[in-house]
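A.B. asks: need coordinates for the below:
(one chain, ligands or ions: 2)
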Amino acid sequence: MADQSRGFVRALGAATGHVLASLRWLGTRLVAPLRTGDGPNEFRLSSVETHTTTIDGDTGWAHRPPATLRCPECGDEILQADSSAPIDCPRCRVDLPADRFTDLDLLALTCPVCRSGMQYGRRHPEFGVPEWANCPNCQYHWEFKHSY
Ligand SMILES: [Zn+2]
Ligand SMILES: [Zn+2]
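C.D. replies: Ligands and ions are numbered 1, 2, ... in the order given. This is a model prediction of the structure:
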């Protein structure tokens, strides 16, 4: 009997350790998208694969959804895959650095998860760039800045 209860306590201890490890892992995943300045967002890929039911989202200009801009020369649509990609027109010779974004007309933001057109807008009229975007299809949400 004494041996059995010791075994039970050991098993309980192992189970608790496993739960704590899971929580730590979850914490890392939740913190990850708030980091800025890194490359392709691997967090998003993994959450699509696992089909999580939590609403997906990102924060910060580095994680801005793909944008469609109006070419200032020929008027064609230019797709800028992310906020640091050059703005180069597929039709004419226009090739602008990423920071010229604010000079161009923004035509659309594309949901990085399901490729739907997103709703977007500004919270401050003086801002030259969108500050939020929301996907009406999959509810993916992007914010320029994290709001507390
Ligand atoms: Zn062009
Ligand atoms: Zn979507």
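
A.B. asks: shaky segments in this protein?
C.D. replies: Counting by pLDDT under 70, the chain has low-confidence residues at 1-54, 146-148.

A.B. asks: so what's residue 141 up against?
C.D. replies: Contact partners of residue 141, counting by C-beta atoms under 8 Å, 6 or more residues apart in numbering, are 55-58, 132-135. From N, CA and C alone the C-beta is placed, and that goes for glycine too.

A.B. asks: now, which of these lie within strands?
C.D. replies: 57-58, 132-134 (DSSP state E).

A.B. asks: just give me the closest of the residues you listed to residue 88.
C.D. replies: residue 133 (22.5 Å; C-beta to C-beta).

A.B. asks: go through the contacts of residue 141 and name the one nearest ligand 1.
C.D. replies: Proximity of the contacts of residue 141 to ligand 1, judged by C-beta to the ion, is greatest for residue 133, which lies at 24.3 Å.

A.B. asks: burial count for the closest residue to that closest one other than its chain neighbours?
C.D. replies: Setting aside the residues directly before and after it, residue 133 is nearest to residue 120 in space (C-beta to C-beta, 6 or more residues apart in numbering), at 3.9 Å. Burial measure for residue 120: 19 neighbouring residues, criterion other C-beta atoms under 10 Å.

A.B. asks: surely residue 80 is in contact with residue 67?
C.D. replies: Yes. Look at residue 80 against residue 67 with C-beta atoms under 8 Å: they come within range, at 4.8 Å.

A.B. asks: quick revisit: filter the contacts of residue 141 to the buried ones?
C.D. replies: Buried by 16 or more other C-beta atoms under 10 Å: 56-58, 132-135, out of those.
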